[in-house]
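# Task: produce atomic coordinates for the following.
(one chain, ligands or ions: 1)
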Amino acid sequence: MTEATIEAYYLEDRTFPPPDDFRKQALASDDSLYKEAEADWQGFWAHQARELLTWFDDFESVLEWDLPFAKWFQDGTLNVSYNCVDRHVEAGRGDKVAYYWEGEPGDTREVTYADLLDEVSRFANVLKSLGVQRGDRVAIYMPMIPELPVAMLACARIGAPHSVVFGGFSADALRGRIIDAEAKVLITADGGWRRGAAVPLKVNADDALEGTETIEHVVVVRRTEEDVPFTEGRDRWWHELMQEADADCAPERMGAEDLLYLLYTSGTTAKPKGIMHTTGGYLTHVAFTHKYVFDLHPDTDVYWCAADIGWVTGHSYIVYGPLANGATSVIYEGSPDTPGKDRLWAIAEKYGVTILYTAPTAIRTFMKWGTEFPESHDLSKLRLLGSVGEPINPEAWVWYWQHIGGGRCPVVDTWWQTETGGIMISPLPGVTTLKPGSATFPLPAIGAEVVDDNGNKVERGGGYLTLTRPWPGMLRGIYGDPERYKETYWSRFEGRYFAGDGCKIDDDGYFWLLGRVDDVMNISGHRVSTTEVESSLVDDSRVAEAAVVGAKDETTGQAIIAYVTVRGNVEATDGLGEELRESVAKKIGKFGRPKTIIFTDDLPKTRSGKIMRRLLKDVAEGRDLGDTTTLADPAVVDEIKRRAEQSPQED
Ligand code: WTA
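Below is the predicted model:
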């Protein structure tokens, strides 16, 4: 990335130091964690591993680093489900609520740590009775119901790595993942509720299993109570198996480097990558980051990560991190606009949520819906807000801070990836002075640097984000493909992990994530980040959301095409398009001005809420859009939507 691009990135100058009353009660309120980590970063992680987790056998070896292969705490043994469940019950906290669960139709369940222990142990015995042994892979394709974390923890208890496939994925996507992992058992449900309709998980699962050879049994949770096809002998009901199962199951002594799970993520090729996460290092990383980034006070906080467990955010910050720390969390099954656009705020009020963690795309949707929905509920218990998944534009950050956080709550913008396992770049809310739109600084013990095209460190300015030291939650590889692991992450810059993100370091040393480098456009030799144009567009209060792509252009190499949705009461006129083009030109420079602005009612998104830019790019390149503002052709938008629904794997 050239300097010019980065120079042009939105200059946000407001700063937000930790409020005094927040700092006073914070677990970290000065730079001592950073200092400790800088003095001895490996020793720091060893200290956290011992302090935060319970080990069956302590470790002597902290790190074996044979770049790019890391082994953390290698000779230690532990069990993840023991750490997440048993030890809290043994310490007398069995009655504490682990999850307040709310189904979309309004049904609720309270799951205590003692309940979890009972169910996890029973289900672990169920898995054993179905022939699952230590090391066997188990596929999971479920809605957001308590049985999902129970199934994951039961796998961890007996040492069977799980592969959770998000319930919004198609049968084809599920099939590919089952085949790649050679899974022995599949756990699913009849369906789950989403926008008042039942998602047909069991039907999809049956479809997926055609053409797979390794699945011996399918366990089916009854959730929607719809009639579903049942294959005699292969398929078993969860509730029937659980009734018969013994509630005692000793946790396996697992090696710290034993595989805990696989989670598939899309790369640049069509074949998804099975990202491998192991036991001791991963749990240390997610427990540490969950505790300090969210300033968790487990006795008083009610924590809600409103992601889906099917993505890494849910694995690390709904299941493993919060449970390792003995937190009380909220899980919600369904859609944020069912039955009304205030559903999340109704839930936050009802359970007294104190910490909320969600994605910028959700925040921008709430902005679009209007402030009356959060305003109709009492959100005064909230004390901390988090953001994850994509760059958050300063306007959305400030809206979140003001309208959800009431101007009281620090906002932690957390950068990380499926591959990193846990948060890497983020404020510590009692320590860090925030800048809206910046993930601020690498966490203690994390080595992150920006480099230029030649791999030289950039002290101030823009380039590629790299990680310079191994970290305990790091991926241990791509399942079955060590070469691809080296090639994808470790070959671009010698000795560095290449994250695939562009990043700018400002004059104060703050990190500003600029989006994937594959989303960077080149206009007449100027590099422009899609993020920076989007950020300028959504800075206009009439704009709800914007997605920008670089489309091939004969003269300029690429041309900037912007898809824009406006707020409810705003009219999308040619005049507005012109104004927006000019305002971007003003903020970024003329080369950053979109050639075309297309107003649409909606942007195509994956089920996890990411805008499908590649699809928009295809659409932009397939049509002669002209050098003007264009109202989206409804047929094009229909097509965009149809394809968006069909290809959630384009995440
Ligand atoms: C992007 C999600 C800017 C980034 C946890 C990364 C972010 C990719 C942020 C990983 C953030 C995630 N600011 N960009 N705070 N968080 N990203 O694997 O491009 O679904 O590489 O993991 O999301 O997405 P993934």
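
# measure the residue in the stretch 251-400 of the chain positioned nearest to the ligand to residue 360 for me?
Minimum separation of the stretch 251-400 of the chain from the ligand (Cβ to the nearest ligand atom) falls at residue 391, amounting to 3.9 Å. Where you see a C-beta, it was placed from the backbone N, CA and C, and this is true even at glycine. Look at residue 391 and residue 360: by Cβ to Cβ, to the nearest Å, they are 7 Å apart.

# Kindly report the same for residue 515.
Distance, residue 515 to residue 360, using Cβ to Cβ: 11 Å.

# Mutual contacts of those two, please.
390, 391 (Cβ atoms under 8 Å, 6 or more residues apart in numbering).

# Shouldn't the residue of the stretch 251-400 of the chain closest to the ligand be within a strand?
No. With DSSP: H, G, I helix; E, B strand; the rest coil as the criterion, residue 391 is coil rather than part of a strand.

# so what pLDDT did residue 289 get?
The model reports residue 289 with a pLDDT of 98.

# isn't it right next to residue 445, touching?
No. With contact defined as Cβ atoms under 8 Å, residue 289 does not count as touching residue 445 (10.7 Å).

# Name the residue in residue 391 and residue 360 with the higher neighbour count.
residue 391 (28 against 22; other Cβ atoms under 10 Å).

# Tell me how many other residues surround residue 492.
Number of residues near residue 492 (other Cβ under 10 Å) recorded here: 18.

# Helix or strand for it, just tell me which one.
Using DSSP states H and E, residue 492 falls within no helix or strand.

# How about it: what's its closest non-neighbour residue?
residue 498 (4.1 Å; Cβ to Cβ, 6 or more residues apart in numbering).

# With residue 206 instead?
Closest to residue 206 by Cβ to Cβ, 6+ apart is residue 229, at 5.8 Å.

# give the contact list for that neighbour.
Contacts of residue 229 (Cβ under 8 Å, 6+ apart): 202, 203, 206.

# Give me the neighbour count for the second one.
What it means is residue 203. Around residue 203 there are 17 residues (other Cβ under 10 Å).

# what do you get for the one 5 residues further on?
Other residues within reach of residue 208, judged by other Cβ under 10 Å, total 26.

# do residue 452 as well
For residue 452, using other Cβ under 10 Å, the count is 16.

# nearest residue to it other than its sequence neighbours?
The shortest distance from residue 452 to any non-neighbouring residue, by Cβ to Cβ, 6+ apart, is to residue 463 (4.8 Å).

# looking at this, the one you found is in a strand?
Yes. Secondary structure of residue 463 (three-state DSSP): part of a strand.

# how near is it to residue 413?
Remark: distance between residue 463 and residue 413 (Cβ to Cβ) = 20 Å.

# Ok, residue 102 next?
27 Å.

# More neighbours: the two, which one.
residue 413 (26 against 21).

# thought the more buried one was touching residue 393?
No. If you go by Cβ under 8 Å, residue 413 and residue 393 don't touch, sitting 10.7 Å apart.

# what residues are shared contacts of the two?
Common neighbours of residue 413 and residue 393 (Cβ under 8 Å, 6+ apart) are residue 437.

# where exactly do the helices run in the stretch 1-150 of the chain?
With DSSP state H, counting those that start in this stretch, the ranges of helices along the stretch 1-150 of the chain come out as 3-8, 20-25, 32-39, 41-52, 80-81, 87-88, 113-129, 147-158.

# tell me what the fourth one is packed against?
By that I understand helix 41-52. Helix 41-52 is packed against helix 32-39, helix 280-293, with contacts defined by 3 or more Cβ pairs under 8 Å, 6 or more residues apart in numbering; DSSP states H and E.

# Now stretch 605-621: buried residues?
605-613, 615-621 (16 or more other Cβ atoms under 10 Å).

# gap between that stretch and the chain center?
Its chain's C-alpha centre and that of stretch 605-621 lie 18 Å apart, by Cα atoms, centre = their mean, to the nearest Å.

# Give me the mean pLDDT for that stretch.
77.

# Straight-line length of it, end to end?
19 Å (Cα to Cα, to the nearest Å).

# Kindly report the same for stretch 199-214.
Stretch 199-214 stretches 25 Å from its first residue to its last (Cα to Cα).

# center of the protein, which residue is that?
residue 313 (3.4 Å; Cα atoms, centre = their mean).

# Check the burial of the residue nearest to residue 71 when sequence neighbours are not counted by counting its neighbours.
The shortest distance from residue 71 to any non-neighbouring residue, by Cβ to Cβ, 6+ apart, is to residue 64 (4.2 Å). The tally of other residues near residue 64 (other Cβ under 10 Å) stands at 13.

# Residue 64 contacts residue 74, doesn't it?
Yes. With contact defined as Cβ under 8 Å, residue 64 and residue 74 form a contacting pair (6.1 Å).

# circling back to that earlier point, contacting residues for the residue of the stretch 251-400 of the chain closest to the ligand?
360, 437, 512, 513, 514, 515, 531, 535.

# now the last one: how far from residue 438?
As defined by Cβ to Cβ, residue 535 lies at a distance of 12 Å from residue 438.

# same question, the third one
Relative to residue 438, residue 512 is positioned 5 Å away (Cβ to Cβ).

# what's the overlap in contacts for these two?
Here residue 512 and residue 438 have residue 506 as joint contacts, going by Cβ under 8 Å, 6+ apart.

# if we can go back for a sec, so which of the helices and strands packed on helix 41-52 is the most surrounded?
helix 280-293 (a mean of 27; mean count of other Cβ atoms under 10 Å).

# what helix or strand is the residue in the chain sticking out farthest from the centre on?
Most distant residue from the mean C-alpha position of the chain: residue 555, 38.4 Å away (Cα atoms, centre = their mean). Using DSSP H and E, residue 555 sits in no helix or strand.

# Domain map for this structure?
For the chain, automatic domain parsing gives the domain ranges 20-502, 524-646.

# Any chance of those domains in TSV with distance to residue 13 as columns?
Listed next are the domains of the chain as TSV, based on distance: least, Cβ to Cβ, whole Å:
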stretch	distance to residue 13
domain 20-502	8
domain 524-646	13
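
# rank these by mean pLDDT and give me the bottom one.
Among these, domain 524-646 scores lowest, at a mean of 77.

# Look at the residue nearest to residue 206 and give its secondary structure.
Secondary structure, three-state DSSP: residue 229 is coil.

# Quick check: it vs residue 209, distance?
Distance, residue 229 to residue 209, using Cβ to Cβ: 11 Å.

# do residue 428 as well
Relative to residue 209, and taking Cβ to Cβ, residue 428 is found at 46 Å.

# now residue 111
30 Å.

# next one: residue 391
For residue 391 relative to residue 209 (Cβ to Cβ), the value is 39 Å.

# Then residue 341?
Distance from residue 341 to residue 209, by Cβ to Cβ: 38 Å.

# got it, and residue 104?
In this view, residue 104 and residue 209 are 27 Å apart by Cβ to Cβ.

# How about the residues of the stretch 301-450 of the chain by the ligand?
Taking Cβ under 6 Å from any ligand atom as the measure of proximity, the stretch 301-450 of the chain contacts the ligand at 311-313, 388-391, 413-418, 439.

# redo that, cut-off 5 Å
Selection of the stretch 301-450 of the chain residues close to the ligand by Cβ under 5 Å from any ligand atom yields 388, 389, 390, 391, 413, 415, 416, 417, 418, 439.

# hmm, which of those are the buried ones?
388, 389, 390, 391, 413, 415, 416, 417, 418, 439.

# thinking again about what came up before, wait, which of the helices of the stretch 1-150 of the chain is closest to the ligand?
Using Cβ to the nearest ligand atom, these put helix 3-8 closest to the ligand, at 15.1 Å.

# picking up where we left off before, so which of residue 428 and residue 209 has more stuff around it?
Taking neighbours as other Cβ under 10 Å, residue 428 and residue 209 compare with residue 428 leading, 26 against 21.
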